[in-house]
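J.: Okay, structure incoming, though there's no sequence with it:
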């Protein structure tokens, strides 16, 4: 019997519609709605209008009195009633899956836009990656030059310290020589 399966699908699609409507209403209340949310809200409004019109038509149809005799007419009525319920179930299923179809259409468009944006950002990353590599190379070159200059200055400082030490040693040797000569002059005059 396809009726329980159909009612199961109707229940699933209705719960999806209710949850999507609740989500869209919370976004709409905040004023942050996008095109997809507006489409879902429009579809919900259309469904509500369609349901109220269908309910009015059903009320008009059900006002008449159906008379019938025998089992055959009773079975026909049952079959017609079952066909009518099945028709309504299919109609409701189609109405509730319509927002999902619109979402799927928007999803493809969103995926294309996200892919374009990814491509764009990848290009920017590649460009800036090249610039970063170049700047790192320039920085390393300048750092190597500065390290070379620092080494040369350190060598010059060491050479100057050696000359200073050498000059101090020469001065001490000269002082000793002068003292020795003075002491000889002083001891020879006595």
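T.: Received, thanks. Please read all numbers here as calculations on a predicted model, not as lab measurements.
J.: ok, now which ones touch residue 87?
T.: Contacts for residue 87 (CB atoms under 8 Å, 6 or more residues apart in numbering) come out as none. (Each C-beta comes from the backbone N, C-alpha and C, glycine too.)
J.: which secondary structure element contains it?
T.: In this structure, residue 87 sits in helix 70-188 according to DSSP states H and E.
J.: Pretty sure residue 99 is one of the things residue 106 touches, is it not?
T.: No - in this structure, residue 106 is not within contact of residue 99 by CB atoms under 8 Å, at 10.4 Å.
J.: Residues that sit against both of those two, list them.
T.: Common contact partners of residue 106 and residue 99 (CB under 8 Å, 6+ apart): residue 39.
J.: Compare those two (neighbour count), which wins?
T.: Comparing residue 106 with residue 99 by other CB atoms under 10 Å, the one with more neighbours is residue 99, at 24 against 16.
J.: measure that one to residue 170 for me?
T.: For residue 99, the distance to residue 170 equals 101 Å [CB to CB, to the nearest Å].
J.: which secondary element of this protein has the worst mean pLDDT?
T.: helix 2-30 (a mean of 52; mean pLDDT, DSSP states H and E).
J.: how many neighbours does residue 141 have?
T.: If you count neighbours by other CB under 10 Å, residue 141 ends up with 10.
J.: In contact with it: list those residues for me.
T.: Taking CB under 8 Å, 6+ apart as the definition of contact, residue 141 has no neighbours.
J.: per-residue confidence for it?
T.: pLDDT for residue 141: 95.
J.: Distance check, it against residue 152.
T.: Residue 141 is 17 Å from residue 152, where distance means CB to CB.
J.: again, but for residue 98
T.: Computed as CB to CB, the residue 98 to residue 152 distance reads 81 Å.
J.: of the two, who's got more company?
T.: The residue with more neighbours, out of residue 98 and residue 152, is residue 98; 17 against 10, by other CB under 10 Å.
J.: for this protein, what are the low-confidence residue spans?
T.: Within the chain, the segments meeting pLDDT under 70 span 1-38, 40, 50-78, 189-190.
J.: Please tell me how far residue 187 sits from residue 180.
T.: As judged by CB to CB, residue 187 and residue 180 stand 11 Å apart.
J.: Correction: the previous question concerned residue 39.
T.: For residue 39, the distance to residue 180 equals 112 Å [CB to CB].
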